[in-house]
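Enquirer: got a sequence here, can you build the structure:
(2 chains)
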Amino acid sequence: MQLRNTTARWGSVAQFLHWLIVALILAQVALALSAEKLHGMAKLAMLARHKSVGITILMLAVVRVLWRLAGPTPPLPTTLKPYERLLAHFTHIALYVLIFAMPLSGWIMTSARGFPASWFNLFQLPDLVAKNRPLYEAMQETHEALAWTLGAVATLHLLAALKHHLVLKDDTLRRMLPFTKVP
Amino acid sequence: MIRPLRLARHFVLLLMLIGASTVSAAPAVYSIDAAKSALEFEFVQAGAKNKGRFPKLAVNFNFDAANLAAAHLDVVIDLPALDSGDKERDDTLRDADLFDVAKFPQAHFAATQIVKTAAGGYEAVGSFTLRGVVRPLRVPFTLRSATEQGASVLYMSGKTLIKRLDFGVGQGDWKSTEWVGPDVNITFTLRLVAAS
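Expert: Residues are numbered from 1 along each chain as shown, chains lettered A, B, ... in the order given. Have a look, this model is predicted:
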């Protein structure tokens, strides 16, 4: 299996980044939901982990976009109807935007609250904005709305992948999976 | 030969002189101008530096540069008034596991000795009481004196480090230093005005 993408399938770097970000986003949901139920030190710890993982996703998103721009990408299946192509492009662009917008809105949110964040207690992140309560409240709502949007778009993405695999029986999903053969 | 009367007169004059100089060198009592003073604390929370302040404090500083031996400093910090810039965090800090302000509403630094340091500043040597724990504490500071609108004014600034767990600030979960660091950096710039 090769590192770089080809016009037939995603290379192992793109696959690794895709699935790692999927796993981290699921972890983010779990961390955020459990933090909401906690208080005191436990809440502080859970939110600190959530922030660290979020910053990790942001860094991976940067790498992912650069990697994508640096090489070829397998094209959409030719069997798609025009509206399906449009929907696929919209979904992919939205997902790329969201893996930036989610961590950035969270980072602005914690800065505006006046709680500077760190990356796994190793180094402190700069504040993106000065302390600002109304901005914090606006960002909290934005962060939550973006999370629901991400949930909806990712579900669409997942359903489309399953349709390709199970109904259309093409290679769209397989070419993003490791250990699979794409003819 | 000196006549006894004359001697007595000299003696009285001498006493008066001593008396006069004692008055002018009498230790003045300084108290805080809260509006122009700041007592701040800095701590590490989840790997990032956070700041807060104690806006309410009472200072009693008996000071005379010429008579350091008589100098003493008393600082009482009102803990419920603490301000870390976030209401939720302030409430957590006031709780029983941290400052426990319901039981211990004040922190108290009582310095019975003011000494000069080699660096040209001063050091207040005394004890610090926080959350019912009394421990010795030395706080270095610098002084700048001025006369403002006829009043004698001292600008006192310095910093010190408190290990929060030495005073039990952190019970239960908060004993851990993983998410809230053990060190609390204290910095202060105080404007002290002599009582007229």
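Enquirer: from here on, just use CA atoms for contacts and neighbour counts.
Expert: Fine.
Enquirer: now do the strands in chain B.
Expert: Along chain B, counting by DSSP state E, strands occupy B:28-32, B:38-45, B:48-53, B:57-63, B:72-78, B:106-116, B:122-130, B:133-148, B:151-163, B:183-194.
Enquirer: pull up the pairing partners for the shortest one, direction included.
Expert: Spelled out, it's strand B:28-32. Strand B:28-32 sits in its sheet next to strand B:57-63 (antiparallel), strand B:183-194 (antiparallel), going by DSSP bridges.
Enquirer: picking that back up, can you tell me which of the strands of chain B is nearest to residue A:51?
Expert: Closest approach to residue A:51 among the strands of chain B (C-alpha to C-alpha): strand B:48-53, 11.9 Å.
Enquirer: kindly report the residues of chain A close to chain B.
Expert: A:40-41, A:44-45, A:48, A:113-125 (C-alpha under 8 Å from any C-alpha of the partner chain).
Enquirer: ramachandran angles for residue B:99?
Expert: Dihedral angles of residue B:99 (phi, psi; degrees, to the nearest 10) stand at phi -70, psi -20.
Enquirer: neighbours of it, how many?
Expert: Using other C-alpha atoms under 10 Å in any protein chain shown, the number of residues around residue B:99 comes to 26.
Enquirer: low-confidence stretches in chain B?
Expert: Residues of chain B meeting the criterion pLDDT under 70: B:1-27, B:196.
Enquirer: which SS class is the closest residue to chain B within chain A?
Expert: Nearest to chain B, among the residues of chain A, is residue A:121, at 3.9 Å (C-alpha to the nearest C-alpha). The local conformation at residue A:121, judged by DSSP: H, G, I helix; E, B strand; the rest coil, is coil.
Enquirer: coming back round to it: any chance of TSV for the strands paired with strand B:28-32, columns distance to residue A:93 and mean neighbour count?
Expert: Compiled in TSV, the strands paired with strand B:28-32 are given as follows (distance: least, C-alpha to C-alpha, whole Å; neighbours: other C-alpha atoms under 10 Å in any protein chain shown):
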stretch	distance to residue A:93	mean neighbour count
strand B:57-63	56	19
strand B:183-194	46	19
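Enquirer: columns distance to residue B:131 on top of the ones you listed, output as JSON lines?
Expert: Formatted as JSON lines, those follow (distance: least, C-alpha to C-alpha, whole Å):
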{"stretch": "strand B:57-63", "distance to residue B:131": "16"}
{"stretch": "strand B:183-194", "distance to residue B:131": "15"}
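Enquirer: distance of the residue nearest the centre of chain B from residue B:65?
Expert: Most central in chain B under C-alpha atoms, centre = their mean is residue B:75, positioned 4.4 Å from the mean C-alpha point. Here the criterion is C-alpha to C-alpha, to the nearest Å. By it, residue B:75 lies 19 Å from residue B:65.
Enquirer: right, and residue B:122 touches residue B:115 too?
Expert: Yes - with contact defined as C-alpha atoms under 8 Å, residue B:122 counts as touching residue B:115 (5.5 Å).
Enquirer: so which of the two has more stuff around it?
Expert: residue B:122 (18 against 14).
Enquirer: was I right to think residue B:175 contacts residue B:165?
Expert: Yes - under the criterion of C-alpha under 8 Å, residue B:175 makes contact with residue B:165 at 7.0 Å.
Enquirer: okay, now the unreliable bits of chain A?
Expert: Along chain A, the parts satisfying pLDDT under 70 run over A:1, A:183.
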